[in-house]
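> What would the 3D arrangement of this be:
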Amino acid sequence: MKIAFLGDSITEGALGVSYVDILKTHFSKNDLTNYGKGGDTISSLQKRIRKIEDLADYDTIILFVGVNDLFGKLTNGYKFIKLLMKQPWAKKQSEFTKQYKSTIEYLLNKTNNLIIIPPLLIGEEVNNKWNIQLDGYVASVKALSSSYSSVTYIDVRKEYIDYLSKKDISNYMPYKVSDLMKDVKELKSDRDVDERSKSRGLHLTLDGVHINSKGAQIIVDGIIKVLKNK
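The predicted structure follows:
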């Protein structure tokens, strides 16, 4: 079985714990290829994947993108980075929905087995203003997913929210680009990630967006369940 993973930094695994690397330990006899790229929005990912010539060779494609279309607007620092990296965010939800639909339809020309994971969190306070906005984006992704028989939607976000509902929640938010860069430089192992996550009072993420070991395991469990059923 050949599986391609399309997404942003959460998929790339350069910051936080890599759910793709964990999956590789479960599917060691299979070909799992990580096409994640840090900072990708739905627009930049759509443009980038058109250059991947062998997507049609994969049995399954997993699409996990969208958080940067809001996260990229968190501060002026992030906006500057997005402009510098040529990763434009959707100006409004309707634009995001249109681009996401186009991406799904492009991928369904490459595979008859597309798995979609929605954007997860911007901060672990699920009722903060960013997550309230993200609710709308996730609703669009879920609705689009249900429109295609070859698409399987894994509601990891609901699992995250249910898990956090039983916890004391930190209001930590990754407002400082410098803190993100510090994490990239200093965190060398999953244990490092988990320890810093704990020091911030976080449960599923390193910084409110990128995932720790528990957050990664929830994603892994969801994907394994779908792949075994198929």
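> Return, as residue ranges, the portions of the protein with sub-threshold pLDDT.
Applying pLDDT under 70 to the chain picks out residues 230.
> Going along the chain, name the strands of this structure.
2-7, 31-36, 60-64, 114-117, 151-153 (DSSP state E).
> Would you mind putting these into TSV with distance to residue 126 and mean neighbour count alongside?
In this view, the C-beta of every residue, glycine as well, is placed from N, C-alpha and C. Compiled in TSV, the strands of the chain are given as follows (distance: least, Cβ to Cβ, whole Å; neighbours: other Cβ atoms under 10 Å):
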stretch	distance to residue 126	mean neighbour count
strand 2-7	21	22
strand 31-36	24	18
strand 60-64	19	24
strand 114-117	17	23
strand 151-153	19	19
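> could those strands go into CSV alongside distance to residue 47?
Compiled in CSV, those are given as follows (distance: least, Cβ to Cβ, whole Å):
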stretch, distance to residue 47
strand 2-7, 12
strand 31-36, 13
strand 60-64, 15
strand 114-117, 18
strand 151-153, 21
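> how about those strands, which one is nearest residue 181?
For the strands of the chain, proximity to residue 181 was assessed by Cβ to Cβ; strand 31-36 is nearest, at 18.6 Å.
> which residues touch that closest one?
Defining contact as Cβ atoms under 8 Å, 6 or more residues apart in numbering, one finds that strand 31-36 is touched by 1-13, 18, 20, 23-24, 49, 52, 58.
> mind listing what it pairs with, with the direction of each?
Paired with strand 31-36 in the same sheet, following DSSP bridges, are strand 2-7 (parallel).
> how far is the strand it pairs with from where the chain is centred?
Distance, stretch centre to chain centre, for strand 2-7: 12 Å (Cα atoms, centre = their mean, to the nearest Å).
> Put the buried members of the contacts of strand 31-36 into a ChimeraX selection.
Selection of buried members from the contacts of strand 31-36 for ChimeraX, criterion 16 or more other Cβ atoms under 10 Å:
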select :3,4,5,6,7,8,9,10,11,12,13,18,20,23,49,58
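> Out of the contacts of strand 31-36, which sit inside helices?
Among the contacts of strand 31-36, the members found in helices (DSSP state H) are 9, 10, 11, 12, 20, 23, 24, 49.
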